[in-house]
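Peer 1: could you work out the structure for the sequence below:
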Amino acid sequence: MGRRRIDLKRIVLCLCTVSLCVAGCERNKPDVVRVQGPRIALTHVELIDGTGTTAKQDQTIVIENGRITSVGPADEAKMPPDVQVLDLSGHTMLPGLVGMHNHLFYAVDGGTRYIGVPRPFARLYLAAGVTSLRTAGSIDLQKDSTLKHDIDAGREIGPKIHLSSPYIRRYADPAMLKREIGTFADAGVTSLKIYTDLPREQLALAVAAARARGLTVTGHLCAVGFTEAAALGIDNLEHGLIVDTEFYSKKVADQCPDWSETLKDLLAMQVTSQPIQDMITALIGHHVAVTSTLAVFESFARATTDSRVETVLTHGLLERYRDYVKRQSVDARSLAAWEKVLKLEMAFERSFVERGGMLLAGADPTGWGGVLAGFADHRNIELLVEAGFTIEQAIQIASANGAAFLGDTQTGTVAPGKLADLAVCRGSLASDVRNVRNVAIVFKSGVGYDSAKLIDIERGRVGATE
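Peer 2: Numbering: from 1, shown residues only. Next comes the predicted model:
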């Protein structure tokens with residue numbers, strides 16, 4: 001990319017916009033904060049701690065100055081002086097979710113166009129209990145970066161953001177790719193997002209450039225298969241088996257085939273087959289993580305909607321959303337084919353984890369518009385349970401695994417010494433995974449936000465110009 005001419009008028013406009021946003025955020029803060037203080041005790045709660053162990057009943061978690069100081073049975077809890085006590089009987093506590101494919105943009109017009117909605121999505125992610133996220137691809141790095149800095153500085157409400165690069169595609173001049181990666185690193189990006197048509201030679205170059213700057217590399221691949229990418233040093237692969245083209249019978253090196261054709265070959269295979277198991281062996285051997293995005297694939301397989309999505313869309317987007325669902329619901333052949341794809345991906349993810357692979361999770365609000373920030377993070381957890389994981393495993397995938405991949409030792413599990421990044425849901429998740437949707441309070445660094453009020457801020461606004 002060439003150097004851009006400085007537009008003073010645009011800079012002034014941006015500064016004014018930031019000032020208005022900051023003022024608006026300060027007005028909203030008192031309305032959305034439900035509990036805060038130097039010492040808080042959350043008592044009589046069901047706890048799923050993010051380690052994968054069985055849910056514990058009647059627990060008390062004590063928070064002091066934004067950190068967890070004790071976790072244990074309620075009848076053994078030692079309360080510090082002047083502590084605020086919140087009785088959470090009938091609720092479940094989870095670690096804050098770590099969304100690893102959580103864009104700050106949304107698909108409109110049946111997935112043919114994307115619009116940036118960074119601030120609304122930040123609030124919706126937080127309302128859903130997502131306290132940390134990786135953008136895993138940006139359409140406007142400057143806006144994403146501005147939002148991150150505003151959140152870090154306390155001027156805006158939202159999760160901790162780990163910035164990813166814009167989508168890296170095939171370059172006519174590979175030297176430009178290396179220079180651009182340096183530019184991304186200078187801008188604060190911590191991971192690169194490789195996209196479909198990047199060939200092997202340029203993927204190798206990108207991995208080397210990333211290593212030199214301390215960045216990780218993830219990718220939605222197509223021209224390069226998973227086994228090849230693992231050998232080249234990629235750290236993470238998005239979406240899973242159903243985007244891996246290495247099993248396509250007519251695959252040409254460094255070319256991205258038609259996805260519908262690759263799916264035909266994949267659907268004729270079993271996850272237990274030797275070629276797929278060999279690929280899993282390669283990923284595990286090279287310590288490559290896989291990000292699960294089941295919700296976006298389900299949106300093509302099942303003509304269902306999430307009523308929460310409809311409450312936050314603008315009127316115009318809502319009409320188009322409903323029209324697409326209506327048209328999709330009568331295409332039984334397409335729905336049946338996508339259901340097979342979804343089941344195949346579930347089987348792959350289960351096999352990958354059973355063999356020791358690290359599975360992450362993310363919302364991926366793309367597709368045709370049926371997948372939205374935060375709400376899709378919940379649906380992913382429900383689908384992981386449908387795939388055969390326990391609720392405790394699903395929460396571990398959606399929280400602790402992401403934190404570990406990001407190198408964040410301060411979050412991801414509920415344990416003494418960790419930051420108090422927590423989600424509190426009404427009802428028992430151990431009894432019904434769907435209670436993950438009933439988020440009541442989200443704690444970020446010990447400040448408890450009212451989930452419903454955060455969502456109310458964005459009611460009918462997603463899709464409007466920021």
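Peer 1: and the helix or strand hosting E228, how far out from the chain middle?
Peer 2: Secondary structure assigned from DSSP states H and E places E228 in helix 226-232. Distance of helix 226-232 from the chain centroid (C-alpha atoms, centre = their mean, to the nearest Å) equals 23 Å.
Peer 1: export it as PDB, just CAs?
Peer 2: Output of helix 226-232 as PDB, limited to C-alpha atoms (Å, rounded to 0.1, in the frame of the first residue of the first chain):
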ATOM      1  CA  PHE A 226      -4.100 -27.800   6.500                       C
ATOM      2  CA  THR A 227      -1.200 -30.300   6.500                       C
ATOM      3  CA  GLU A 228       0.900 -28.100   4.300                       C
ATOM      4  CA  ALA A 229       0.100 -25.100   6.500                       C
ATOM      5  CA  ALA A 230       1.100 -26.900   9.600                       C
ATOM      6  CA  ALA A 231       4.400 -27.800   8.100                       C
ATOM      7  CA  LEU A 232       5.000 -24.200   7.200                       C
END
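Peer 1: find the nearest non-adjacent residue to F121, please.
Peer 2: Leaving aside its chain neighbours, F121 sits nearest to A373 (4.1 Å; criterion: C-beta to C-beta, 6 or more residues apart in numbering). In short, each C-beta sits where N, CA and C put it, glycine included.
Peer 1: state whether the one you found is indeed within a helix.
Peer 2: No - according to DSSP: H, G, I helix; E, B strand; the rest coil, A373 belongs to no helix; its state is coil.
Peer 1: for whichever strand or helix holds F443, list the C-alpha coordinates in CSV.
Peer 2: Assigned by DSSP H and E, F443 belongs to strand 439-444. Only the C-alpha atoms of strand 439-444 are listed here, as CSV (Å, rounded to 0.1, in the frame of the first residue of the first chain):
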residue,chain,number,x,y,z
VAL,A,439,-26.5,-13.7,31.1
ALA,A,440,-27.4,-11.4,34.0
ILE,A,441,-24.1,-9.8,35.0
VAL,A,442,-20.7,-9.7,33.3
PHE,A,443,-17.6,-8.8,35.4
LYS,A,444,-14.6,-7.3,33.7
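Peer 1: sheet partners, orientation included, of that strand?
Peer 2: strand 422-426 (antiparallel), strand 447-450 (antiparallel) (DSSP bridges).
Peer 1: give me whichever of the ones you listed is most buried.
Peer 2: strand 422-426 (a mean of 24; mean count of other C-beta atoms under 10 Å).
Peer 1: ok, residues contacting that one?
Peer 2: With C-beta atoms under 8 Å, 6 or more residues apart in numbering as the test, strand 422-426 has contacts from 42, 45, 61, 88, 90-97, 128-129, 131, 414, 435-443, 448.
Peer 1: 6 Å instead, please
Peer 2: By C-beta atoms under 6 Å, 6 or more residues apart in numbering, the residues outside strand 422-426 that reach it are 91-94, 96, 129, 435-436, 438-443.
Peer 1: can you list these in JSON lines and add pLDDT, distance to A231 and neighbour count?
Peer 2: Below are the contacts of strand 422-426 laid out as JSON lines (pLDDT from 0 to 100; distance: C-beta to C-beta, whole Å; neighbours: other C-beta atoms under 10 Å):
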{"residue": "H91", "pLDDT": "98", "distance to A231": "47", "neighbour count": "22"}
{"residue": "T92", "pLDDT": "98", "distance to A231": "42", "neighbour count": "26"}
{"residue": "M93", "pLDDT": "98", "distance to A231": "41", "neighbour count": "24"}
{"residue": "L94", "pLDDT": "98", "distance to A231": "36", "neighbour count": "28"}
{"residue": "G96", "pLDDT": "98", "distance to A231": "35", "neighbour count": "29"}
{"residue": "G129", "pLDDT": "98", "distance to A231": "37", "neighbour count": "32"}
{"residue": "N435", "pLDDT": "98", "distance to A231": "42", "neighbour count": "19"}
{"residue": "V436", "pLDDT": "98", "distance to A231": "37", "neighbour count": "28"}
{"residue": "N438", "pLDDT": "98", "distance to A231": "44", "neighbour count": "16"}
{"residue": "V439", "pLDDT": "98", "distance to A231": "41", "neighbour count": "26"}
{"residue": "A440", "pLDDT": "98", "distance to A231": "46", "neighbour count": "18"}
{"residue": "I441", "pLDDT": "98", "distance to A231": "45", "neighbour count": "22"}
{"residue": "V442", "pLDDT": "98", "distance to A231": "40", "neighbour count": "30"}
{"residue": "F443", "pLDDT": "98", "distance to A231": "42", "neighbour count": "27"}
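Peer 1: how many neighbours does the nearest residue to D278 once chain neighbours are set aside have?
Peer 2: Counting by C-beta to C-beta, 6+ apart, D278 lies nearest to T227, which is 7.4 Å off, once chain neighbours are set aside. When neighbours are defined as other C-beta atoms under 10 Å, T227 has 20 of them.
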